[in-house]
Structure formats: C-alpha cells, structure tokens
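**Student:** Provide a 3D model corresponding to the input given below.
(chains A and B)
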Amino acid sequence: MITSDAGGAAVALAALQSPGVSLDNAAQLNAFLAGVERRAFRIAQMALRSPEDALDAVQETMLQLARRYAQRPQAEWPPLFYCILQSRIRDCQRRRAVRNRVMSFFGGQRGAEDDPPDPIEAAADPAGRDPSEQLAQGEAIQALETALECLPARQREAFVLRILEGLDVADTAKAMGCSEGSVKTHLSRAVHSLRETLGEHWA
Amino acid sequence: MNNDSETALLHKAHAVFNDSTIGLHARVLARLREGRERAVAETERRRSFWRVHPWALPAGAVAILFVAAVGGLIWSNPASQPAAPFTADNNNADMAIVLSSDNLDMYADMDFYRWLGTRQQQQQNVPQGDTRGNNNG
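**Tutor:** Down below sits the predicted model:
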C-alpha cells in the first residue's frame, strides 16, 4: 500500500502547517487549493470523461469549500474538499443520465463519437515530452482510466482517494461518508479487480 | 500475483496519475486558477462583512435577548384579566341556560315581559295610594 508518497492534499497541508509559515485564512486556502486543483481536475475528468464538466465540478467544489468550510481547521479541508468533489461528480453524472434519457426519448441522442474534438486534447503537450514518451504515458493513463471505469462507484472512490490522491484511511472515510472498515473493504476489492485488469498491461 | 507486485502496481498507478497532472493545458490551468481566485475572494468577502459590520453579531444577540425578555415579562404578568377557572358547576350552569326552553321563550316574548314588569311596578304603586285614601277616609 502507498503510504510514503503523500498526495497533493497532504503535501499542500504539510506546506501550510510547516513552522515559519504564517498566513491568513484566505492565503492558506489559496495555497491549499493550488496544491490540490490539478489532481482534483484529473480525478473529475477521469470520472466524467469531459474536461469542461470536470472544470465546472472543481470550480464549484472550490467555491463550496470557501463558502462553508473556510473557517474550519485546515486538517479538515482535504476530506471536505474531496467529499464535495465526489458529490459534484455524482450530481453531474445524474444530470447527464437524465439529459441522455430525455434526448433518447425525443430520438436525438448524441453519442460521444458525435461530439466535436476536444481542443485541449488536440493541443501540443505543454510539458514538452517527446512523442514516444507522451504516447507511453497516454497509454498507461488510458489503461488506468478504463480499468477504473469498470469498478463499482464506491470502490473507484476508495481507490482514487486512498491510492491516487494519497489520503489516509480516516480522511478517505470522511470524504466518502462511511466507516474506515468500509474503506478498507472497498479498497481491497478495487485492488483485487485492478490487479486482474491492469496486470496484463503493466506486468 | 504476490504482495510485492501488488505494491508495484499501486505505485505505478500513483505515478501514472501524478504524471498525468503535470502536462495540463494552459487553458485548463487558467480555469483552475480562476476558480481558485473566486473561492479565495469569496472567503475575503465573508471576512470583510464581519470587518465592516463588527456590530452585527452583538446587535443580533442583544435583539434576541430583548425579545426574550419582553416575551418573559408578558408571560409572567399578563395584562388582561385571567379567565374564570373552568369548573364543573360553571359548566352545568351554562349548559342549563343554553338548554332551557323557558329562557329561549323569554327572549322570544320580550315585549310581554316588558309589559308584565311595568304592570307589576304599577301594582306596587297602587296599594300605597289606597293606604293613603283609607287613612284619609
């Protein structure tokens, strides 16, 4: 299990809590959000398969955290942030399901293949990696995303928060709104499934 | 697959995910920054409300205490006369009045009873005059 490599939220929090750092609440929130925003975007994008929806979800999450929980202790921000984010992702998925149902009722359902090409995906790699490296990395993340898609929602949440984001079990449980035992169960099943799926690709 | 390979797989998943966050497009980063700035501005706006209106909280507390005190005074010293306590006797008397057909007839023949009252008063006056007349005779 990954414990030594802390995730973005943990790193952001550690930077804020390090001695000598004395910031007011707004600056602390800014630093925290700056530390988690990219990872949050990627988590939302993996779940929603749409950069625009993912950006909306992350922006709404940031705003909700600032409105409701900015005065809470900083240690509570990571689970609260991801709890709100997961809620926004579920809301978006529900809205999308309803929209698809309505569209299919009127006979105008649009498939993903009919969508216009995403300009973000078509743009050049800003990190400046060579094409082969970019391709390998793209295939790896694609395999991970496909494997995660096959998981049940709760198992996916547990894996994303615990392994990809690096929250500890207690924070993962808070973010998911369940017990630590449930997190361990979901995670164990998720890892078992991913081992079978990704083992072929990443062996 | 043993435990080591499972750990390696999880490490790889973590690393692949981390790598995917590095090369985000400038437009995405700009949108994320915009959202973050809005969130921080929201925090500062809320803080500035309390800075500009520091009296709002104490004023609200005083208002609540005032309303509670007034309510307590009204509750403990009601201005109106207390209603007669409800007893079985009162209740029976009221029911007798309501159910009595005589009383209902009385209200229907009010003119008769008014005449009867006047006549009784006249009769009371007449014997006084007779007494005087007898004394004189």
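**Student:** Output the longest helix belonging to chain A.
**Tutor:** helix A:77-105 (DSSP state H).
**Student:** who does that one touch, helix- and strand-wise?
**Tutor:** Helix A:77-105 is packed against helix A:8-17, helix A:25-48, helix A:51-69, helix A:169-176, with contacts defined by 3 or more Cβ pairs under 8 Å, 6 or more residues apart in numbering or on different chains; DSSP states H and E. (Each C-beta comes from the backbone N, C-alpha and C, glycine too.)
**Student:** Any part of the last one near chain B?
**Tutor:** Spelled out, that is helix A:169-176. No - Helix A:169-176 lies out of reach of chain B by Cβ under 8 Å from any Cβ of the partner chain, never closer than 14.3 Å.
**Student:** so how far is that helix from its chain's centroid?
**Tutor:** Relative to its parent chain, helix A:169-176 has a centroid offset of 14 Å by Cα atoms, centre = their mean, to the nearest Å.
**Student:** Quote the end-to-end distance of stretch A:169-187.
**Tutor:** 10 Å (Cα to Cα, to the nearest Å).
**Student:** Alpha carbons of stretch A:47-60, as PDB, please.
**Tutor:** C-alpha atoms of stretch A:47-60 as PDB (Å, rounded to 0.1, in the frame of the first residue of the first chain):
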ATOM      1  CA  ALA A  47     -15.000  10.200 -13.700                       C
ATOM      2  CA  LEU A  48     -16.800  12.500 -16.100                       C
ATOM      3  CA  ARG A  49     -14.800  12.000 -19.300                       C
ATOM      4  CA  SER A  50     -15.200  15.600 -20.100                       C
ATOM      5  CA  PRO A  51     -12.700  18.400 -19.400                       C
ATOM      6  CA  GLU A  52     -15.400  21.100 -19.300                       C
ATOM      7  CA  ASP A  53     -17.600  19.200 -16.800                       C
ATOM      8  CA  ALA A  54     -14.500  18.400 -14.800                       C
ATOM      9  CA  LEU A  55     -13.500  22.100 -14.600                       C
ATOM     10  CA  ASP A  56     -17.000  23.100 -13.600                       C
ATOM     11  CA  ALA A  57     -17.100  20.400 -10.900                       C
ATOM     12  CA  VAL A  58     -13.700  21.500  -9.500                       C
ATOM     13  CA  GLN A  59     -14.600  25.200  -9.600                       C
ATOM     14  CA  GLU A  60     -17.900  24.500  -7.800                       C
END
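**Student:** so where's the chain uncertain?
**Tutor:** In the absence of a named chain, this looks at chain A. Applying pLDDT under 70 to chain A flags residues A:1-23, A:107-131, A:200-201, A:203.
**Student:** To clarify, I was referring to chain B.
**Tutor:** B:1-2, B:47-54, B:78-91, B:97-106, B:127-137.
**Student:** what residues does it put near chain A?
**Tutor:** B:1, B:5-7, B:9-14, B:16-17, B:19-29, B:31-40, B:42-44, B:46-47.
**Student:** which of the residues you listed are buried?
**Tutor:** Among those, those classed as buried by 16 or more other Cβ atoms under 10 Å in any protein chain shown are B:6, B:9-10, B:13-14, B:16-17, B:19-21, B:23-25, B:28, B:31-32, B:35-36, B:39-40, B:42-44, B:46.
**Student:** re the thing from before, make JSON lines from the helices and strands packed on helix A:77-105 and add mean neighbour count to it.
**Tutor:** Converted to JSON lines, the helices and strands packed on helix A:77-105 look like this (neighbours: other Cβ atoms under 10 Å in any protein chain shown):
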{"stretch": "helix A:8-17", "mean neighbour count": "18"}
{"stretch": "helix A:25-48", "mean neighbour count": "22"}
{"stretch": "helix A:51-69", "mean neighbour count": "21"}
{"stretch": "helix A:169-176", "mean neighbour count": "22"}
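**Student:** Can you name the residues that contact residue A:171?
**Tutor:** A:9, A:78, A:79, A:82, A:161 (Cβ atoms under 8 Å, 6 or more residues apart in numbering or on different chains).
**Student:** quick one, what contacts the fourth one?
**Tutor:** Put plainly, it is residue A:82. A:9, A:40, A:161, A:165, A:167, A:171, A:175.
**Student:** Mind picking the two most distant members of those residues?
**Tutor:** Using Cβ to Cβ, these reach their maximum pairwise distance at A:40 and A:171, which is 14.4 Å.
**Student:** From the contacts of residue A:82, pick the one nearest residue A:25.
**Tutor:** Out of the contacts of residue A:82, the member with the shortest distance to residue A:25 (by Cβ to Cβ) is residue A:9, at 17.5 Å.
**Student:** now the helices: where do they sit in chain B?
**Tutor:** B:3-20, B:26-52, B:56-76, B:88-99, B:101-108, B:110-136.
**Student:** could those helices go into TSV alongside distance to residue A:71?
**Tutor:** Below are these laid out as TSV (distance: least, Cβ to Cβ, whole Å):
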stretch	distance to residue A:71
helix B:3-20	31
helix B:26-52	9
helix B:56-76	14
helix B:88-99	60
helix B:101-108	72
helix B:110-136	76
